[in-house]
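Trainee: sequence below, structure please.
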Amino acid sequence: MKKLLQKLTTDNQFIMENHPTDVRPDITEEEAIQGLKKIRKQIAKIQDVIYAHNRYAVLICFQGMDTAGKDSLIREVFQKFNARGVVVHSFKTPTSKELQHDYLWRHAVALPEKGKFGVFNRTHYENVLVTRVHPEYILNENIPGIDAVEDIPKDFWKTRYEQINAFEKHVVKNGTIVFKFFLHLSKDEQKDRLLRRLEKEKHNWKFSPGDLKERALWDEYMNHYQEAIQNTSKKHAPWYIIPSDSKPIARYLVAKIILDKLKKYKDIQYPEMPPEIEQHKAAYKRELENNG
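Mentor: Numbers count the residues shown, from 1 in each chain. Now for the predicted structure:
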């Protein structure tokens, strides 16, 4: 398992095709299901300590193609969390208000408070992925000097990578622990999941014809994911490439990575009782016992 987890990290040498979408030879779905049951309880306990400690925040980012399993993964991994300590944000097409600000604004205002977990279901990386595949969307941002797609400068995307790196470095330096997960799904598995949405009545609502239009651009998306990960997987905020053809295994791997990293923060502890209260604790206890 340790070797498998090591393979999931990446750096600026990331090559998409070198990372599998299915690791069932290394772990079975039943092992993953049983493992997750234990791990999510452990993460929930750490969440309680982080909430009480109130010095760190935790930001967990999920990116992936349609049907990669983001929603169900979030539901299953954070099932045991105390609701007061976790907030999930699903970023969709920017609103008119959001477009009145720079592209990182809506993500910055959604960052978790100290003591809390924030989960981004789709993230600030949409701004170097979807807008890269559909550069006409950039025109909605009303950036000075860009009135047509042809006006987008050659270094535009490189600059955005630098801005994102600076944004993440800033939040990490100020006490936010950042996880970034790319749910790596095969095109064949996506096809099967889209077919299930059409075939199973209870899943019909999830299907959109737009899914097929985006699917036709699969190779382009993969190229841009690869470039984005190469340029933004840093020591302070690394990317983890999660094989996602099996939902149970993907959920387990994400949970395992979160648990292992959080356990390294030895300074995260329950706060000690202030001395002025500690020295009178016995008296307070007697008062409660004597007064019913």
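
Trainee: mind listing what's buried in the helix ranked longest in the chain?
Mentor: Identified as the longest helix of the chain according to DSSP state H is helix 29-53. Within helix 29-53, the residues that count as buried by 16 or more other C-beta atoms under 10 Å are 32, 35-36, 39-40, 43-44, 46-47, 50-51, 53. Using the backbone N, CA and C atoms, a C-beta is placed for each residue, glycine as well.

Trainee: switch these over to JSON lines; also include distance to Trp157 and pLDDT.
Mentor: Output for these, formatted as JSON lines (distance: C-beta to C-beta, whole Å; pLDDT from 0 to 100):
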{"residue": "Ala32", "distance to Trp157": "36", "pLDDT": "97"}
{"residue": "Gly35", "distance to Trp157": "38", "pLDDT": "97"}
{"residue": "Leu36", "distance to Trp157": "36", "pLDDT": "98"}
{"residue": "Ile39", "distance to Trp157": "37", "pLDDT": "97"}
{"residue": "Arg40", "distance to Trp157": "37", "pLDDT": "96"}
{"residue": "Ile43", "distance to Trp157": "35", "pLDDT": "97"}
{"residue": "Ala44", "distance to Trp157": "39", "pLDDT": "96"}
{"residue": "Ile46", "distance to Trp157": "36", "pLDDT": "97"}
{"residue": "Gln47", "distance to Trp157": "36", "pLDDT": "97"}
{"residue": "Ile50", "distance to Trp157": "35", "pLDDT": "97"}
{"residue": "Tyr51", "distance to Trp157": "38", "pLDDT": "96"}
{"residue": "His53", "distance to Trp157": "38", "pLDDT": "97"}
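
Trainee: quickly list what the spatially most central residue of the chain is bridged to.
Mentor: Closest residue to the average C-alpha location of the chain: Cys61 at 1.6 Å, with C-alpha atoms, centre = their mean. With DSSP bridges as the criterion, Cys61 is bridged to Phe120, Lys180.

Trainee: follow-up on the earlier one: counting contacts, what elements does the longest helix of the chain pack onto?
Mentor: Applying 3 or more C-beta pairs under 8 Å, 6 or more residues apart in numbering; DSSP states H and E, we find helix 29-53 packed against helix 70-77, helix 247-262.

Trainee: after the longest one, next one along is what?
Mentor: Proceeding C-terminally, helix 247-262 gives way to helix 275-278 as the next helix or strand, assigned by DSSP states H and E.

Trainee: and the contacts of that next one?
Mentor: 272, 284 (C-beta atoms under 8 Å, 6 or more residues apart in numbering).

Trainee: at 6 Å instead, please
Mentor: Here helix 275-278 makes contact (C-beta atoms under 6 Å, 6 or more residues apart in numbering) with no residue beyond itself.

Trainee: report the contact partners of the nearest residue to Ile164 once chain neighbours are set aside.
Mentor: Take Ile164 and drop its neighbours on the chain: the residue closest to it by C-beta to C-beta, 6 or more residues apart in numbering is Thr232, 5.7 Å away. Residues near Thr232 by C-beta under 6 Å, 6+ apart: 161, 164-165.

Trainee: distance of Thr232 from Pro238?
Mentor: Using C-beta to C-beta, to the nearest Å, Thr232 is found at 9 Å from Pro238.

Trainee: so where's the stretch 151-292 of the chain uncertain?
Mentor: Along the stretch 151-292 of the chain, the model assigns pLDDT under 70 to residues 292.

Trainee: what ranges do the strands span in the protein?
Mentor: For the chain, applying DSSP state E gives strands covering 57-64, 86-90, 117-121, 176-184, 239-243.

Trainee: which other helices and strands contact the fourth one?
Mentor: The reference is to strand 176-184. strand 57-64, strand 239-243 (3 or more C-beta pairs under 6 Å, 6 or more residues apart in numbering; DSSP states H and E).
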